[in-house]
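Student: could you work out the structure for the sequence below:
(one chain, ligands or ions: 1)
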Amino acid sequence: MKKSQNPARVRFAPSPTGYLHIGGARTALYDYLLARQTDGSFILRIEDTDQKRYVEDSEKDLKRSLRWLGLEWDEGPDKGGPHAPYRQSKRKAIYQQHARTLIEKGHAYPCFCSPERLDKIRKEQIAQDENPHYDQKCRNLDPEESVQRVENGEPHVIRFKSPNQGSTTARDSLRGEITVKNETLDDIILIKTNGLAVYHLAAMVDDHLMDITHVIRGAEWLPTFPIHTLIYDAFGWQEPEWVHLSLLLKPDGKGKLSKRDMEEARQKGQPIFVKDMEDFGYLPETVNNWLALMGWSYDDKMEFFPMNELIEKFSLEKLNPSPAAINFSKLDHFNGIHIRELEVDDFAHRIKPYFEKEGYEVDEEILTDVAAAIQTRTGKLTEVTDMAGFFFEEEVNLVPERIISGALSASQAANAARRMANLFNEVPVITRDTVEKPLRELADELDLKAGHLFGLLRETLTGQKVSPPLFDIMSILGKKEVLDRLDHAAETLEGISKSR
Ligand code: GLU
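Tutor: This next block holds a predicted model:
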């Protein structure tokens, strides 16, 4: 913890409208880092007031993805906390009460305009090249008449009364002051006809009531940021520190990453959603490291950051407001580095599910040795089955076409396999020291190139053309299994030879 800093209270406030993607995960990570660094609190708040955009399952995915990344929250819907409930759909009465307060203070008003009227003025404004905005018709209604109409149950929304003159200055931590002319600000809706609050009211009220110290959110909120400042002001509340993160751009750097781009990238096998990262074989450590550097840097050199270093070194001052392009090759590069950093037992534990998913029955006794043999060669965890699945196969899937060639007939290959088995049978353990020289002599005797014989041995033991080093494989499989595999290969090749 940085002793100089007060404990931060930060919130990640996703709307359950889809799966957790790179952008959301980056926001959550920065929240988490600041909270942990200052010994503060990381709060999860579900912003589910927009029922039309609600996507089933997305809340489950958000939580699962945050947990996979290791970003455990301190207060939240399933955890409770001093400011429960943490789900906006359960806080309707709170927002309504606050909207009434704003009306009483003269900062908001009920608006009875019908959707048809609003649509009509909108079209007229567009035709006259104006930005669409509410024409403030209900702003100056007699307050008593308004109250009466509300009491009569007339459908209405509640709008914020933005100042019409002067200017408003909002202050973003990364961008400094942002000043707008008030005449450009719309009287935005705070409460919809159905009584539900919109983001502009709900999030401000919650951030205040939940004692949030830093609002870290996406750059898409910059246009309405001055209004948020005005809402705080209207209540007479002290503002949090506002941090609008950099936009994320498409990998080619051309334009913002849209929902459609995300789908396209996904089709290409690029992980856009956190849940894909796991399926595609990335470590959560990698993803956090990679996300952290998409808009933040420590210095120009350091790039490898385990979580504890991120917590220690992260700082809001070093966030960069310029748009950042998503760089997937960097993700791959980081993954290799983080994989090599793992303790071998840990690595073994991480790869096990990938074998199991492909239907392999993992032999725990050799798993750590297998892990050690492939750890430095693994770029993504999904590669381990191709590289080392053969260790856990009941019977090797031989590819005779790769073994039998002009230089080596099926019967010669069968004979070579039998001879190797005899040779191995005679040594107490199979190691480079005990068998390499005899194998080379055998190759001479059979009139084969040593490489050819080793190739045959590799195919016999693994069913693959490429594999981890042969002597590592044999020492992991053990003598009995090596002999069994040679025997199986010899039988198969003899069968082929007879049938020709
Ligand atoms: N619910 C908003 C969103 O998902 C949260 C924005 C914020 O962090 O204030 O975009």
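
Student: contacts only, for whatever residue of the stretch 101-250 of the chain ends up closest to the ligand.
Tutor: Evaluated by Cβ to the nearest ligand atom, the stretch 101-250 of the chain has R217 as its residue closest to the ligand, separated by 3.5 Å. Yep, even glycine has a C-beta here, placed from its N, CA and C like the rest. By Cβ atoms under 8 Å, 6 or more residues apart in numbering, the contact set of R217 is 13, 27, 243-245.

Student: do the same with M204
Tutor: The contact partners of M204, taken as Cβ under 8 Å, 6+ apart, are 228, 231-232, 235.

Student: may I ask which of those residues has the most neighbours?
Tutor: Highest neighbour count within the contacts of M204, by other Cβ atoms under 10 Å: I231, with 26 neighbours.

Student: where's that residue, which helix or strand?
Tutor: In the assignment (DSSP states H and E), I231 maps to helix 225-235.

Student: and the one residue in the stretch 251-400 of the chain that gets nearest to the ligand, how far is that from V157?
Tutor: Residue of the stretch 251-400 of the chain nearest the ligand, by Cβ to the nearest ligand atom: K259 (13.2 Å). Here K259 is placed at a distance of 28 Å from V157 (Cβ to Cβ, to the nearest Å).

Student: over to M277?
Tutor: Here the criterion is Cβ to Cβ. By it, M277 lies 41 Å from V157.

Student: strands along the stretch 301-450 of the chain, start to end?
Tutor: With DSSP state E, counting those that start in this stretch as the criterion, the stretch 301-450 of the chain has strands at 324-325.

Student: and A84, how close does it get to the ligand?
Tutor: Between A84 and the ligand the distance is 18 Å, computed by Cβ to the nearest ligand atom, to the nearest Å.

Student: what do you get for I43?
Tutor: On the measure of Cβ to the nearest ligand atom, I43 and the ligand end up 11 Å apart.

Student: do the same with E481
Tutor: Applying Cβ to the nearest ligand atom, the value for E481 to the ligand is 54 Å.

Student: for the helix or strand hosting that residue, name the packing helices and strands.
Tutor: If you go by DSSP H and E, E481 is part of helix 470-498. Using 3 or more Cβ pairs under 8 Å, 6 or more residues apart in numbering; DSSP states H and E, the elements in contact with helix 470-498 are helix 364-374, helix 400-403, helix 410-426, helix 450-462.

Student: one more time with 6 Å
Tutor: Counting contacts by 3 or more Cβ pairs under 6 Å, 6 or more residues apart in numbering; DSSP states H and E, helix 470-498 packs against helix 364-374, helix 410-426, helix 450-462.

Student: buried ones in that helix?
Tutor: Buried residues in helix 470-498, counting neighbours by 16 or more other Cβ atoms under 10 Å, are found at 470, 472-477, 481-483, 485-486, 489-490, 492-494, 496-497.

Student: between it and helix 410-426, how many degrees?
Tutor: Orientation check (axes from the mean of the first three to the mean of the last three Cα atoms, to 10 degrees): helix 470-498 against helix 410-426 gives 140 degrees.
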